[in-house]
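Novice: Sequence and predicted structure are below.
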Amino acid sequence: MKKIMAVYDIEPLYADRFADFINRKGTIPFQVVAFSSILLLKDYASDHQIDLLLISSSVDRRDREGIAAKQTIVLSDGEAALSNQPFPVVYKYQSSDRIIRDVMSYYGQDASDPFYSSAKGGSVLGIYSPVNRCLKTSFALTLGQLLAQDNKVLYVNLEDCSGMSRIMGEVYSRDLSDMLYFYHQGSYNWARLSSVVYTWGGLDYIPPARYPEDLCQIDAEGLAVFLLEMAQSSPYNMIVADLGQMGRKAAEVLEVCEKVYMPVKDDFISKAKIEEFEDYLEVSGRSDIKEKIHKIKLPYHSDLKGGQSYAEQLLWGELGDYVRAMLGSQQKEE
């Protein structure tokens, strides 16, 4: 059963639009209910449990404190006199995605239910290749966007140096480093996950770890369990894991993947690297991973510009056509 997030702002359209956005997105386990007056909100609260209340800073403090809610967060329009607020404060004139990240950051500190309640757990799709410069990340981003049209998909980049901030044109306040810290401390939960999720071209993603050293703090087995737990205890149907040059440690992560897409190239060196990796899978007793691997030869696209338009360029360029055809062929086979 979904929790109730109640939203009241002195601008009725603001609350309605925010509630509609969150309910359509469906990636946090809240049913968001918007209210057009404080009296309606109080009446609702008298016989419904409100788990999280977002309420305008313009509402009298006594009215706010008189509404029964497990947790209250104040929506500020920027006035300075908020330092003595008894509740956390979030600036309301920013993107809805950013508001949710801020709200979930506060909520996650006290969330008593660590896992998202779902009928079935999600799956992990691995994107990996021992071959360099094979369009692996471009493919992963294109695949993620296309899958996200019909599924709830989360993209996770595990490379040491991904260039993601420049690709996306974003400066991140939270990233995978924070999630790994929470996981190590035993304080990982769905709310903390939501506090780190950004959206790009319709695809939700966790920004990569800010320092390569953070990825070294968790071994391959721990990383595999982390990804699997994220898939099974979050609202996402699929986790698209873009693996970096993890060497032979990648095998442990690939074991938890439902499918593995491996971009390959035809030159002698690339073929030798693929064969060596497959030999390793055999001698290490992981030959079953080979059955999950879908080798793909990607069409090389011209140099593309980053930022938000990069998503459209990937989707409607040659690579997008290739991935659409690949997914269509797989659906027919299934």
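Specialist: Here it is on my side, so go on.
Novice: My understanding was that residue 220 contacts residue 247; is that so?
Specialist: No - assessed by CB atoms under 8 Å, residue 220 is found out of contact with residue 247, at 9.4 Å. Any C-beta I mention is one placed from the backbone N, CA and C, and that applies to glycine too.
Novice: if you count what's nearby, which of the two comes out ahead?
Specialist: More neighbours surround residue 220 than the other of residue 220 and residue 247, with 17 against 11 (other CB atoms under 10 Å).
Novice: and that one, what does it touch?
Specialist: 246, 249-253 (CB atoms under 8 Å, 6 or more residues apart in numbering).
Novice: distance of the residue nearest to residue 175 when sequence neighbours are not counted from residue 222?
Specialist: Nearest residue to residue 175, sequence neighbours excluded (CB to CB, 6 or more residues apart in numbering): residue 207, at 3.7 Å. Separation of residue 207 from residue 222 (CB to CB, to the nearest Å): 20 Å.
Novice: Mind checking which of these two has more residues around it?
Specialist: residue 207 (24 against 14).
Novice: For the more buried one, give its distance to residue 223.
Specialist: Distance from residue 207 to residue 223, by CB to CB: 17 Å.
Novice: quick one, strands of the stretch 201-334 of the chain?
Specialist: Using DSSP state E, counting those that start in this stretch, the strands of the stretch 201-334 of the chain run over 203-206, 238-243, 259-263, 293-296.
Novice: what's the third one packed up against?
Specialist: Okay, so that is strand 259-263. On a contact count with 3 or more CB pairs under 8 Å, 6 or more residues apart in numbering; DSSP states H and E, strand 259-263 meets strand 123-127, helix 136-147, strand 293-296.
Novice: Kindly state which of the ones you listed is positioned closest to residue 188.
Specialist: Residue 188 lies closest to strand 123-127 among the helices and strands packed on strand 259-263, at 16.1 Å (CB to CB).
Novice: which residues in the stretch 1-150 of the chain form helices?
Specialist: Taking DSSP state H, counting those that start in this stretch as the test, the helices found in the stretch 1-150 of the chain are 12-25, 38-47, 61-65, 96-108, 136-147.
Novice: In JSON lines, list those along with distance to residue 181.
Specialist: JSON lines is the format used below for these (distance: least, CB to CB, whole Å):
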{"stretch": "helix 12-25", "distance to residue 181": "26"}
{"stretch": "helix 38-47", "distance to residue 181": "35"}
{"stretch": "helix 61-65", "distance to residue 181": "32"}
{"stretch": "helix 96-108", "distance to residue 181": "12"}
{"stretch": "helix 136-147", "distance to residue 181": "24"}
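Novice: any idea which of the ones you listed is most buried?
Specialist: Comparing the helices of the stretch 1-150 of the chain by mean neighbour count (mean count of other CB atoms under 10 Å), helix 136-147 ranks first with a mean of 24.
Novice: Which helix or strand in the chain has the lowest average pLDDT?
Specialist: When each helix and strand of the chain is scored by mean pLDDT, DSSP states H and E, helix 61-65 comes last, with a mean of 82.
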